[in-house]
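Undergrad: turn this into a model:
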Amino acid sequence: MQTQLVIEDNLLFKISPQTQYLLTIDSINKITIYFSYPKYQINIKFISPIQDPILQVDIEKSIIHQTL
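TA: As a prediction, this is how the structure comes out:
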């Protein structure tokens, strides 16, 4: 059984100071439960000029239980 995860469902991006932007996430390698080291390219395009932006990425914490 192979379960595919969607990275966008497990990450929360915040940019300070608050501004409008376009965010794209491209998978370089597909992530599955059998692949330990996925690679992603994250691109941020700011709609208006911004000085000294700070990107905060929060990763969802979860526990997977196997039940028979």
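Undergrad: return the set of residues that bridge with the closest residue to P53 other than its chain neighbours.
TA: Closest residue in space to P53, ignoring its immediate chain neighbours: I15 at 5.6 Å, by C-beta to C-beta, 6 or more residues apart in numbering. (Glycine included, C-beta is placed from N, CA and C.) Beta bridges link I15 to L55, judged by DSSP bridges.
Undergrad: I'd like the distance between I15 and D58.
TA: 12 Å (C-beta to C-beta, to the nearest Å).
Undergrad: who has more neighbours out of those two?
TA: Neighbours per residue (other C-beta atoms under 10 Å) separate I15 from D58, with I15 holding more: 16 against 10.
Undergrad: contacts only, for that one.
TA: Y21, I44, I50, P53, I54, L55, Q56 (C-beta atoms under 8 Å, 6 or more residues apart in numbering).
Undergrad: so which of those is the closest to N10?
TA: Checking the contacts of I15 against N10 by C-beta to C-beta gives Q56 as the nearest, at 15.0 Å.
Undergrad: widest-spaced pair of the contacts of I15?
TA: I50 and Q56 (14.5 Å).
Undergrad: and the pLDDT at T3?
TA: pLDDT recorded at T3 is 46.
Undergrad: ok, now P38?
TA: 68.
Undergrad: start and end of stretch 43-50, how far apart?
TA: In stretch 43-50, first residue to last residue: 16 Å (C-alpha to C-alpha, to the nearest Å).
Undergrad: what average pLDDT does it get?
TA: pLDDT averaged over stretch 43-50 gives 92.
Undergrad: do stretch 57-68 as well
TA: 67.
Undergrad: weed out the non-buried ones from the contacts of I15.
TA: Y21 (16 or more other C-beta atoms under 10 Å).
Undergrad: how close does the residue nearest to P53 sit to I28?
TA: Taken as C-beta to C-beta, the span from I15 to I28 is 22 Å.
Undergrad: now the strands for the protein?
TA: Per DSSP state E, the chain carries strands over the ranges 11-16, 21-27, 40-46, 54-59.
Undergrad: can you give me the buried ones in the second one?
TA: When neighbours are counted by 16+ other C-beta under 10 Å, the buried residues of strand 21-27 are found to be Y21.
Undergrad: I appreciate the help and will end here.
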